[in-house]
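Asks: here is my input, please return the structure:
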Amino acid sequence: MTDIWIHGLTQNNLKHVSFTIPKEKITVFTGVSGSGKSSIVFDTIAAESQRQMNATYPAYIRSRLPKYPKPAVEKIEHLTASVVVDQSPLGGNARSTVGTISGLYSSLRLLFSRIGKPYVGTASYFSFNDPNGMCKTCSGLGRVTKINIEAIIDFNKSWNEGCLKDSLYLPGSWYWKQYAKSGLFDLDKPIKDYTQEEYNLLLYGSRDGKSQPENSKVTGIYHKYEKTLLNRDISDKSKHTKEKSQHFIVEEACDACHGNRLNEVSLNCKILGYSIAEMCNMELTQLRHVLSQIAEPTVQILIQNLIAGLDRMITIGLSYLHLNRTTPTLSGGEAQRLKLVRYMGSSLSGLTYIFDEPSTGMHPRDVYRMNNLLKQLRDKGNTVLVVEHDKDVISIADHIIDVGPFAGKNGGEIVFTGSYQELLKADTLTAKALRQAMPIKKKTRQPTGSLPIRGARLHNLKGIDVDIPLGIMTVVTGVAGSGKSTLISQVLAKEYEKEVVMIDQGPITVTNRSTPASYLGFFDEIRKQIAKESRKPEGLFSFNSIGACPVCSGKGVIVTELAFMDPIVTECESCNGVRYNQEALRCTYKGKNIVELLNLTVLEALSVFNDNSKIKNKLKVMEQVGLAYLTLGQPLSTLSGGERQRLKLAKHLRKKSGIMIMDEPTTGLHMSDIQKILKLFDTIVSQGNTLIVIEHNLDVIKQADWIIDIGPDGGKNGGEVVFSGTPTEMIAEAKTLTADSLRTSCL
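Replies: Just a heads-up that it's a prediction; the model follows:
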């Protein structure tokens, strides 16, 4: 089998590297965040594979496909078609469910169209996205938005006392007068004392709630808000109206279909006494049991395919899900595994599957299950490439390529190739981190108080009571789907929202104009300083303003559109890609023009701006989170997932906050970087702050002052506090999945 052969690769920070990748093997790429792993795997192998595949299509189709630039490489040979499974969220909307994403709902619809009784029609009649099948009341969403009258009307007050909670209807206001002077209402009578006829008059404008309004100038309160809040496109709403929408609108299950999304005819069609909606609301293990009882010979192949798909999801630990679960409600770990499962049923072979940190958001128990799926893909005759930091994933590799030695300008080299056992003996940062075991924290801090949570019942939480300690570092653990994020990111964060700073897993919104300096808010100060020294307007030093190159408008490149052909992108010859005009480039600060200032690394910039506290403080925070090698003007779109995570952390670090919540802050971080982050956590808590970390990483769990473990498993089998205590107490006493993993890591 001919290997994939790459020669002379200089993409991004890579330093003319050459290497081979064995086919039909699992190759794991390791190295610190920013070392060049993603430049090899995604910007080169994946991009070139997909670029060449797209080139086989006619020009008309190519114009509608994603564009992949040709990587900076001398030669690539023996590439195969690639499938990329990245860290991007599953996304989707209220119509995107576990069933639609996995493809199992399509098979279930086909099953009901074949043997469901009474016969309804083709598979489209069981689709909540098709007019034939959807509930007409909710358009197949299963939920409807309604005006929340209780939030609008204070039933204990009269019109003269201000019974409407909307500031537009304060007594004496223009809107208030429309109702007060209509002659329809007793202005001194509390709403709670209204008769049914008077109440109908207030809400609907007529005494029976159905007839034409009794006063054409006065719309019933319900109809009034229905028109302004519900029957208007959200883009047309003012900021004030959007804020009111959040308080005055409530979402409820549809009365017509009771949340089942389908019309009555489709819901009346059943197999073994179950409608398709009832099957979609079953946990996957129960659904498998029901399907296995169907003996109809004409659909046995369809049943086998359905059961095989369910088995794959059950095997990877998603047995507690149901097909009707909407994808936006899935945790990061659940979404990652669901993406994996989508490819497991494929009959294609000879492909290259590329995974970007597939262990993200997974409990150590689930990483083991995911590893088995990676092996299955390889054993089908596919090449599996994985960018990963997790030791358990690295350990199953047939071949390892370690990139380094460090990050940014100090990375971009292949520092090791070989097996896992050979890597353990090597002298790279990855090898050293693999050999080093993080000790259990023995001397834990004592809390200064607590944040009580009582009777939490959101999603799968089972009315739990828990006290979150103050003044220490608490790590909240548990398998994906157990309820960790629900408890902390939703219940706790909402209950104490004025006191909490939340750093979640949400991506940084970036454009090709976003940089670390602009994201952290000190680019304005840099422009201010150079403008002050050169006595020019600040706008001259922005490539989004008067400082932009007049030829490329500050983009640095010229894009020539060619109708149905691929556009041609060339570097702007006027500014040589630096985006600024000549007048801006002639001005300097301490001998450096704006482009040279933006090309400084954080370490270099610290000496240049050492007398400016506004800039210096931001640079110090970047250094603290391990981003000293980044340049101030590097486009954020070129940063790795781990670098973006730390940049987000840097944005919040200097804020005055008593309580900080971090949702999986080690995402995308190399093992050696985790030690730096732990030192940072120690500093945060030492300054008197409370730190709450939702995390799977065992090194972080070992260094906690207090652990709250949620479980015992995921979904309906989770939602309980199964352990609270110190790391040493967890190892000694706890009988949980997290405790088992922690004990194993200490062996």
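Asks: separation between V479 and G539?
Replies: 52 Å (CB to CB, to the nearest Å). All C-beta atoms are positioned from the backbone trio N, CA, C, and that covers glycine.
Asks: er, D356 I mean
Replies: From D356 over to G539 (counting by CB to CB), the distance is 39 Å.
Asks: those two: which is more packed in?
Replies: D356 (24 against 14; other CB atoms under 10 Å).
Asks: the more buried one contacts Q87, doesn't it?
Replies: Yes: judged on CB atoms under 8 Å, D356 makes contact with Q87 at a distance of 5.0 Å.
Asks: pLDDT at F543, what is it?
Replies: Here the pLDDT value assigned to F543 is 88.
Asks: wait, is Q52 part of a helix?
Replies: Yes: looking at Q52 with DSSP: H, G, I helix; E, B strand; the rest coil, it is inside a helix.
Asks: can you offset everything so residue one is 11?
Replies: With 11 as the first residue, the last one maps to Q62.
Asks: thought it was touching E87?
Replies: No: using CB under 8 Å, Q62 is not in contact with E87; the gap is 11.9 Å.
Asks: neighbour count winner among those two?
Replies: Between Q62 and E87, Q62 has the larger neighbour count (other CB under 10 Å), namely 15 against 11.
Asks: what pLDDT does the closest residue to the more buried one other than its chain neighbours get?
Replies: Among residues not flanking Q62 along the chain, L89 sits closest, at 7.0 Å (CB to CB, 6 or more residues apart in numbering). Note on L89: pLDDT of 96.
Asks: pretty sure L89 contacts E58?
Replies: Yes: counting by CB under 8 Å, E58 is a contact partner of L89 at 6.4 Å.
Asks: overlap in contacts, those two.
Replies: The contact sets of L89 and E58 do not overlap (CB atoms under 8 Å, 6 or more residues apart in numbering).
Asks: below-threshold pLDDT in this structure: ranges please.
Replies: Residue ranges of the chain with pLDDT under 70: 11, 99, 101-102, 241-255, 515-517, 519-522, 572-576, 651, 664-667.
Asks: from G230, how far off is the residue at the greatest distance from the centre of it?
Replies: Most distant from the centre of the chain: G193, at 54.1 Å, with distances by CA atoms, centre = their mean. Distance from G193 to G230, counting by CB to CB: 15 Å.
Asks: and F551, by the same measure?
Replies: 57 Å.
Asks: which of these two has more neighbours?
Replies: F551 (29 against 18).
Asks: grab the nearest non-local neighbour of the more buried one.
Replies: F551's closest residue in space is R537 (CB to CB, 6+ apart), at 4.1 Å.
Asks: contact partners for that neighbour?
Replies: E548, F551, S552, I604.
Asks: show me what contacts the third one?
Replies: With contacts defined as CB under 8 Å, 6+ apart, the neighbours of S552 are R537, A558.
Asks: cool, the first one as well?
Replies: With contacts defined as CB under 8 Å, 6+ apart, the neighbours of E548 are D534, R537, K538, A541.
Asks: between those, which has the most around it?
Replies: Most crowded among those, counting by other CB under 10 Å, is R537 at 24 neighbours.
Asks: list the contacts for E543?
Replies: Here E543 is in contact with C597, T598, Y599, K600 (CB under 8 Å, 6+ apart).
Asks: what's the PyMOL line that selects buried ones from these?
Replies: To isolate the buried ones among the contacts of E543 in PyMOL, judged by 16 or more other CB atoms under 10 Å, type:
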select buried, resi 597+599
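Asks: show me where the stretch 61-210 of the chain has strands.
Replies: 83-87, 92-95, 153-157 (DSSP state E, counting those that start in this stretch).
Asks: out of these, which is closest to R388?
Replies: Among the strands of the stretch 61-210 of the chain, the nearest to R388 by CB to CB is strand 92-95 (13.4 Å).
Asks: what lines up beside the closest one in the sheet?
Replies: strand 362-366 (parallel) (DSSP bridges).
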